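*Asks:* with the sequence up front, the predicted model follows.
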Amino acid sequence: MKQMRDNGWGVPPPHPFAPQGYAREQAGYGFPLYSSAGLPACGVPLQSVTRNAGPRTTAILSACLALVGCSHIQDLKESSWILTEGTYLDKPIAFKAPQGFQIADTDGNVFIHLAFFDDGSTVLPGIKCDDLFGQWRAEGNTVTLTLDSTKYEHIRSSTVSTLRFNSVMTDSTFTHEPDTSGVDDPIGTGRYTEVMNVYGSPFELDIDGDELVLRSSTTTIRARKDHTLDKLFEGL
């Protein structure tokens, strides 16, 4: 009978209390290790460990990437961004400066802002048009931008209602329907269809420090964090 030396972590014959199926001669498994006290030194066969290493590594990597994505989304929402550059089909985008209140740098360049709010709303910088009411949605590191058609319809309906109310106030006979042909209807007229070609494809999000990059199959938008307010309150 073959004698085998037990040096503390060797391979002695199976212990009477060893789990069934852990015999060292079993095909397809590595030799189980038993301590000198007769207890298993490792409860998982060698091939089982190596077999599961790939899926476990993939799961851990996916979890890490998800955490990075969540961090980027949080940073995206909590910061205000100033556009620095945009290209569509490899051609520069001429963003339109906002109307009304404007902030400019020392060279007179007007800041064009981009912000992503917690409620899923955003204001997309205009391109040959005023700023657009939009919505944004994130899945992982992918950001989708859409036109907020519901908001535009609400604005139009409110305007029509106001015209009708004024008409009733001036004509108690209710015989004249007010003229609503001049009411702005960007959705019905498709005014923003061309602009949304720029924003319509899903964007991959990347934030590195103060730099933001949104990149889709057709469009690249670059921006930097706006620290204007931080500088205003500096030293207070």
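*Replies:* Done, it's in. Numbers count the residues shown, from 1 in each chain.
*Asks:* low pLDDT regions in the chain?
*Replies:* Scanning the chain for pLDDT under 70 picks out 1-70, 99-108, 171-175, 229-236.
*Asks:* all strands for it, in order.
*Replies:* Per DSSP state E, the chain carries strands over the ranges 81-88, 91-92, 113-114, 121-124, 132-139, 142-147, 203-208, 211-215, 219-225.
*Asks:* quick one: closest of those to D179.
*Replies:* Nearest to D179 among the strands of the chain is strand 132-139 (25.4 Å), distances taken as CB to CB. No exception for glycine: its C-beta is placed from N, CA and C like everyone else's.
*Asks:* and the closest one, what's buried?
*Replies:* Going by neighbour count (16 or more other CB atoms under 10 Å), the buried part of strand 132-139 is L132, F133, G134, Q135, W136, A138.
*Asks:* what's it packed up against?
*Replies:* strand 121-124, strand 142-147 (3 or more CB pairs under 8 Å, 6 or more residues apart in numbering; DSSP states H and E).
*Asks:* that one pairs with which strands, and in what direction?
*Replies:* strand 121-124 (antiparallel), strand 142-147 (antiparallel) (DSSP bridges).
*Asks:* can you list the residues that contact that strand?
*Replies:* Contacts with strand 132-139, where a contact means CB atoms under 8 Å, 6 or more residues apart in numbering, come from 73, 76, 116, 120-126, 143-148, 151-152, 192, 195, 199, 205.
*Asks:* my guess is K96 contacts L124. True?
*Replies:* No: counting by CB atoms under 8 Å, K96 stays clear of L124, with 10.9 Å between them.
*Asks:* what is in contact with the two at once?
*Replies:* Residues touching both K96 and L124 (CB under 8 Å, 6+ apart) are D131.
*Asks:* so which residues of this protein form helices?
*Replies:* 46-78, 149-170, 186-189, 193-199, 228-232 (DSSP state H).
*Asks:* circling back: more neighbours, K96 and L124?
*Replies:* When K96 and L124 are compared for neighbours, L124 comes out ahead with 22 against 15, by other CB atoms under 10 Å.
*Asks:* ok, the more buried one - contacts?
*Replies:* Contact analysis of L124 by CB under 8 Å, 6+ apart lists L114, D131, L132, F133, G134, L145, L147, V195, Y199.
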